[in-house]
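> Quick one: sequence and predicted model below, then my questions.
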Amino acid sequence: MSTHIAAQPGQIAPRILLPGDPLRARWIAEHFLEDAECYSEVRGMLGFTGTYRGERVSVQGTGMGQPSASIYVNELIREYDVQQLIRVGSCGALTERLAVRDVVIAQAAATDSSMNALRFQGYQYPATADFALLRAAVEAAEQAGARHLVGTVFSSDSFYHARPELTQKIVEYGVVAVEMEAAEIYTLAAQHGRRALGIMTVSDHIVTGEETSAQEREQTFGDMVTIALEAALATPLD
């Protein structure tokens, strides 16, 4: 039994969605999964397992930031043998190619985090999505008619960045949105030979200033969740 999840063996499915917000995890379980049961309430970081179109799927809150996400992803992989990990969260748009509530499918994640700097001792590691999940997510978005953009995101360690001008530099190199977890999830999945993808909904727009409410961020990002679930089921576990 893991330290921070404390689920029993077999309670967590091999496919899992990873919202940062535990209340979004509960909302996903209640609105998208059948017969969902809560397997963890440790530290208020809720986890549920149910079925989607007859297949077992779990959803686990991870908290905010890469250090928090790293704890849960490590335990999900090492203790519960999870095979597919799909982040479903919010992001801030950095380009006018995106509008609020658009879906971003992250092909790669740049980062300013010291986590990979410590791992690779000066080497620059390209944290990238699993191609099979990425392709399945794009197909699911197209079939759903959801506004979406495939691009590189920036996984920042700071929500209130002390050097906001640095963000503009990465925009010049094609980064489309900023969030806080994808790079670490991609890196850990690669280390352990698992599949990972980040699908984020634009909750606020850094360029235009438009934003959504806390309730909208928790409960109205249904396109993202449908895309994630369809992509998961369309992708083999091996």
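Everything's here; your move.
> Just give me how far stretch 121-131 sits from the chain centre.
Relative to its chain's centre, stretch 121-131 lies at 16 Å (C-alpha atoms, centre = their mean, to the nearest Å).
> list the buried ones in that stretch?
Within stretch 121-131, the residues scored as buried using 16 or more other C-beta atoms under 10 Å are A127, T128, A129, D130. (Each C-beta comes from the backbone N, C-alpha and C, glycine too.)
> Please apply the same query to stretch 33-45.
Neighbour-count burial for stretch 33-45 flags L33, A36, Y39, S40, M45 (criterion: 16+ other C-beta under 10 Å).
> Near the spatially closest residue to the first one that is not a sequence neighbour, how many other residues are there?
With C-beta to C-beta, 6 or more residues apart in numbering as the measure, G50 is the residue that lies nearest to L33, at 3.0 Å, once sequence neighbours are left out. For G50, the tally of surrounding residues (other C-beta atoms under 10 Å) stands at 19.
> Which residue ranges of the chain form strands?
Counting by DSSP state E, the segments of the chain that form strands are 15-18, 34-40, 47-52, 55-60, 84-93, 103-111, 127-128, 148-155, 175-179, 195-205.
> W27 is nearest to which of those strands?
For W27, the closest of the strands of the chain is strand 55-60, at 9.3 Å, according to C-beta to C-beta.
> Show me what the residue nearest to L33 is bridged to.
Beta-bridge pairing for G50 (DSSP bridges): V57.
> show me what contacts it?
Residues in contact with G50 (C-beta atoms under 8 Å, 6 or more residues apart in numbering) are A29, L33, E34, D35, A36, E37, R56, V57.
> Looking at V153 now. What's its pLDDT?
pLDDT, V153: 98.
> ok, now the one 5 residues further on?
Note for S158: predicted pLDDT of 84.
> still on that earlier bit, would you format the buried residues of stretch 121-131 as a markdown table with distance to D112 and pLDDT included?
Output for the buried residues of stretch 121-131, formatted as a markdown table (distance: C-beta to C-beta, whole Å; pLDDT from 0 to 100):
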| residue | distance to D112 | pLDDT |
| --- | --- | --- |
| A127 | 12 | 97 |
| T128 | 17 | 98 |
| A129 | 19 | 98 |
| D130 | 23 | 98 |
